[in-house]
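Enquirer: Just the structure for this:
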Amino acid sequence: MSISLGIFLAFVGSTLAITWWAARRSHGSSAYFAAGRRITSWQNGFAVAGDFMSAASFLGVIGLIALQGFDGFLYSVGAFAAFVTVLLIVAEPLRNIGKYTMGDVLAYRMRPRPVRALAAISSLMTATFYMIAQMVGAGALATLLLADSGIRYHQAVIGVGILMMIYVIFGGMLATTWVQIVKAMLLSACALVLTVLVLRHFQFHLGDFFVAASQVAYHRNAAAVTSDFMQPGLRYHAPHGSLDLISLSLIFAFGTAGLPHILVKFYTVPDAKTARRSVVWAMILIGLFYVMTSILGLGAAILVGPDHIVTHGGTNLAAPLLAQALGGEIFLAVVSAVAFATILAVVAGLMISAATSFAHDFWLNIVHKGEEKRPGESVLVARIAALGVGAVSIAIALALGPGSNVGILALLGMAVAASANFPAIVLSIFWRRFNTAGAVSGLSVGMLATLILIVIGPNTMGIDSPGTIGAARHLIQANPWFPYENVGVITVPLGFLAAIMGTFLGREPAAEDRFDELIVRATTGFGAEKTSAH
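Expert: Model prediction:
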């Protein structure tokens with residue numbers, strides 16, 4: 001058995017023990033969906049950070065920086081800055097208004113059935129995109145690092161899917177939260193050690209480090225070139241670079257505040273004050289982590305080289321290859337195991353957010369109009385939904401193969417959150433006239449516009465050379481109809497515009513009448529859910 005597999009199995013064993021412990025305490029809907037609302041600020045901060053610091057962050061972002069320098073670094077900046085929006089706009093009102101999901105906020109003063117239905121669809125779509133990204137990351141790691149153990153891409157994807165189902169089905173939110181806390185600690189420690197080793201290679205002289213980053217040699221179109229990885233333009237260049245970058249910024253700034261698996265975390269704490277504090281904890285951890293990923297990405301470009309990364313697994317394996325260059329096979333094993341742990345924890349968070357939205361918004365409040373027919377029915381439905389979502393994610397990840405960049409895949413989920421979820425949440429909380437028609441329009445147009453532009457954009461469409469195979473090959477062999485990789489520059493304004501126009505086209509006095517009540521609850525917490533399991 002390889003070192004990587006041994007370390008990973010040790011982590012799996014510990015997390016299954018956490019799941020067993022949590023399962024004995026997860027009785028009732030509040031305990032299963034919101035961990036009994038007993039999570040403290042530092043615990044929730046670590047869990048939020050663990051949820052957000054995904055395989056897309058650790059594998060995808062480091063790989064993007066290693067291959068595209070400064071332009072990849074923008075993913076790190078955007079991810080950290082996005083939590084300012086969460087802290088200032090979303091965290092406190094969401095905790096005070098809702099119960100378990102984003103749909104609770106929208107349904108507070110609007111007709112519940114249409115807004116909950118669309119909120120559930122949007123949450124499922126976002127979570128599925130993210131889960132596919134994590135699955136692909138797991139399979140890519142297994143392909144290169146666990147080959148001597150007989151584990152391949154398909155086995156790794158299926159294994160991760162089964163484990164995440166176990167966490168969610170048996171342990172609920174409590175197990176998921178503690179798995180994410182442990183994972184955040186492991187990932188931060190791993191990144192810190194690698195950062196110290198990279199800087200030690202340059203005698204901790206940042207000037208020498210950045211000089212080396214400005215002189216990275218590699219091959220482009222069979223020609224040897226040297227590029228300054230500290231200057232922009234390697235990815236976002238003319239003619240569409242500026243707008244693509246603005247689009248990326250919009251997705252990060254608004255998408256994070258609309259991610260279902262981040263939003264559900266604010267229901268696990270006892271009150272809004274704890275929710276705010278947990279965001280501060282998360283920002284500290286995430287900020288430090290992304291500073292380190294920037295150093296690690298440039299370090300991989302300098303010490304491993306873009307050519308070696310491309311020919312030994314691609315973007316997703318820049319971090320493990322850097323660990324191997326710095327510390328040999330043992331470091332490679334440790335980093336690989338931590339990356340697997342990262343994937344398991346994040347996928348569990350995604351799955352429970354999707355299952356919660358389906359069970360609470362769709363099954364309980366749409367099908368049964370807010371009343372459980374039998375005790376525990378919502379929890380049972382959530383567990384069944386977890387099986388379904390997991391199976392779909394596994395199937396799509398198997399079809400995509402190991403070559404898809406997990407950072408880009410996760411960004412697609414964030415684009416849906418920015419274009420559909422965020423406009424509906426913000427306008428619902430801060431605009432008196434906003435109504436059901438506006439929410440339905442904003443959610444529908446945001447989702448549809450994102451999906452359509454992704455399908456006709458360069459992420460999906462392109463003319464490949466005859467030798468391009470597998471996941472590197474575009475799904476549609478044609479010139480892209482939409483020029484930008486990041487669709488937010490179009491879809492975010494469209495989502496807001498549709499929500500505003502829909503509001504003016506439909507009048508709903510009842511929604512306006514409840515606005516004052518909503519503001520009081522959002523700002524004071526009066527009447528908010530604070531009790532443990534019932």
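
Enquirer: from here on, contacts and neighbour counts on C-alpha atoms
Expert: Fine.

Enquirer: Which element is encountered next along the chain beyond the helix or strand bottoming out on mean pLDDT in the chain?
Expert: Sorting the helices and strands of the chain by mean pLDDT, DSSP states H and E puts helix 55 at the bottom, at a mean of 67. Once helix 55 ends, the next helix or strand along the chain (criterion: DSSP states H and E) is helix 62-68.

Enquirer: Within the helices and strands, which one has Gly233?
Expert: Using DSSP H and E, Gly233 sits within no helix or strand.

Enquirer: Can you classify the residue nearest to it when sequence neighbours are not counted by secondary structure?
Expert: What sits nearest to Gly233 in space, not counting adjacent residues and going by Cα to Cα, 6 or more residues apart in numbering, is Asp71, at 6.7 Å. At Asp71, secondary structure determined by DSSP: H, G, I helix; E, B strand; the rest coil is helix.

Enquirer: need the contact list for Asp71.
Expert: Neighbour list for Asp71: 64-65, 231-236 [criterion: Cα atoms under 8 Å, 6 or more residues apart in numbering].

Enquirer: pLDDT added to the residues you listed, as TSV?
Expert: TSV is the format used below for those (pLDDT from 0 to 100):
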residue	pLDDT
Leu64	88
Ile65	91
Gln231	87
Pro232	84
Gly233	82
Leu234	83
Arg235	81
Tyr236	81
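
Enquirer: Can you flag the buried ones in those residues?
Expert: Among these, those classed as buried by 16 or more other Cα atoms under 10 Å are 64-65, 232-236.

Enquirer: Please name the nearest non-neighbouring residue to Val90.
Expert: Ala257 (6.6 Å).

Enquirer: any idea how far the residue nearest to Gly233 is from Ser242?
Expert: According to Cα to Cα, to the nearest Å, Asp71 and Ser242 sit 11 Å apart.

Enquirer: Now for these two: what residues contact both?
Expert: Tyr236.

Enquirer: low-scoring stretches of the protein, by residue?
Expert: 1-2, 4, 55-56, 140-150, 221-222, 402-411, 467-474, 529-534 (pLDDT under 70).

Enquirer: longest helix anywhere in it?
Expert: helix 318-356 (DSSP state H).

Enquirer: buried stuff in the next helix or strand after it?
Expert: The helix or strand immediately downstream of helix 318-356 is helix 377-400, counting by DSSP H and E. Using 16+ other Cα under 10 Å as the test for burial, helix 377-400 gives 377-379, 381-387, 389-390, 393-398, 400.

Enquirer: Residues touching helix 377-400, excluding its own?
Expert: 28-29, 32-33, 128, 131-133, 135-136, 153-154, 157-158, 161-162, 165, 168-169, 351-352, 354-356, 358-360, 363-364, 372, 470-471.

Enquirer: now stretch 41-49
Expert: In contact with stretch 41-49 (Cα under 8 Å, 6+ apart) are residues 177-178, 180-181, 184-185, 262, 265-266, 268-269, 274-275, 277-283, 285-286.

Enquirer: so what secondary structure elements neighbour the helix or strand hosting Met292?
Expert: Using DSSP H and E, Met292 sits in helix 272-303. Counting contacts by 3 or more Cα pairs under 8 Å, 6 or more residues apart in numbering; DSSP states H and E, helix 272-303 packs against helix 41-52, helix 62-68, helix 70-85, helix 91-97, helix 172-201, helix 206-213, helix 318-356.

Enquirer: Please pull up the helix or strand immediately following that helix.
Expert: helix 306-311.

Enquirer: How far off centre is that next one?
Expert: Helix 306-311 sits 26 Å away from the centroid of its parent chain (Cα atoms, centre = their mean, to the nearest Å).

Enquirer: Using neighbour counts, pick out the buried residues of it.
Expert: 306, 309.

Enquirer: Repeat that for stretch 190-199.
Expert: Neighbour-count burial for stretch 190-199 flags 190-192, 194-195, 197-199 (criterion: 16+ other Cα under 10 Å).

Enquirer: Of these, just say which sits nearest to Trp431.
Expert: Ala191 (42.2 Å; Cα to Cα).

Enquirer: hmm, back to that, for ChimeraX, write the selection for the buried entries among the contacts of helix 377-400.
Expert: Only the buried entries of the contacts of helix 377-400 go into this ChimeraX selection, using 16+ other Cα under 10 Å:
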select :28,29,32,33,128,131,132,133,135,136,153,154,157,158,161,162,165,168,169,351,352,354,355,356,358,359,360,363,364
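
Enquirer: most packed of the helices and strands packed on helix 272-303?
Expert: Of all the helices and strands packed on helix 272-303, helix 62-68 carries the top mean neighbour count, a mean of 30, counting by mean count of other Cα atoms under 10 Å.

Enquirer: Can you name every helix or strand that that one contacts?
Expert: helix 70-85, helix 272-303, helix 318-356.

Enquirer: for the longest one, the distance to its chain's centre please.
Expert: Using Cα atoms, centre = their mean, the distance from the centre of helix 318-356 to the centre of the chain it belongs to is 14 Å.

Enquirer: now the angle from it to helix 41-52?
Expert: Helix 318-356 and helix 41-52 are oriented at 110 degrees to each other (axes from the mean of the first three to the mean of the last three Cα atoms, to 10 degrees).

Enquirer: and the angle for helix 318-356 with helix 272-303?
Expert: Using the same axes, to 10 degrees: helix 318-356 against helix 272-303 is 150 degrees.

Enquirer: Over to the shortest one?
Expert: With the same axes, to 10 degrees defining the directions, helix 70-85 sits at 170 degrees from helix 272-303.

Enquirer: export helix 70-85 as PDB, just CAs?
Expert: The C-alpha coordinates for helix 70-85 follow below in PDB (Å, rounded to 0.1, in the frame of the first residue of the first chain):
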ATOM      1  CA  PHE A  70      -0.500  36.900 -12.400                       C
ATOM      2  CA  ASP A  71      -3.700  36.200 -14.300                       C
ATOM      3  CA  GLY A  72      -4.200  33.000 -12.200                       C
ATOM      4  CA  PHE A  73      -3.400  35.100  -9.000                       C
ATOM      5  CA  LEU A  74      -6.600  37.000  -9.700                       C
ATOM      6  CA  TYR A  75      -8.600  33.900  -8.700                       C
ATOM      7  CA  SER A  76      -7.000  34.100  -5.200                       C
ATOM      8  CA  VAL A  77      -7.700  37.800  -4.800                       C
ATOM      9  CA  GLY A  78     -11.300  37.400  -6.000                       C
ATOM     10  CA  ALA A  79     -12.000  34.500  -3.700                       C
ATOM     11  CA  PHE A  80     -10.800  36.400  -0.600                       C
ATOM     12  CA  ALA A  81     -12.400  39.800  -1.500                       C
ATOM     13  CA  ALA A  82     -15.800  38.000  -2.100                       C
ATOM     14  CA  PHE A  83     -16.200  37.400   1.700                       C
ATOM     15  CA  VAL A  84     -16.400  41.200   2.300                       C
ATOM     16  CA  THR A  85     -19.800  41.000   0.400                       C
END
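
Enquirer: So the residue nearest to Val90 sits against Val84, correct?
Expert: No - taking contacts as Cα atoms under 8 Å, Ala257 lies outside contact range of Val84: 9.3 Å.

Enquirer: Might one say that Arg235 is in contact with Leu67?
Expert: No - judged on Cα under 8 Å, Arg235 makes no contact with Leu67 at a distance of 9.1 Å.

Enquirer: Next up, the contacts around Ile162.
Expert: Gly390.

Enquirer: Please report phi then psi for it.
Expert: phi -70, psi -40 (degrees, to the nearest 10).
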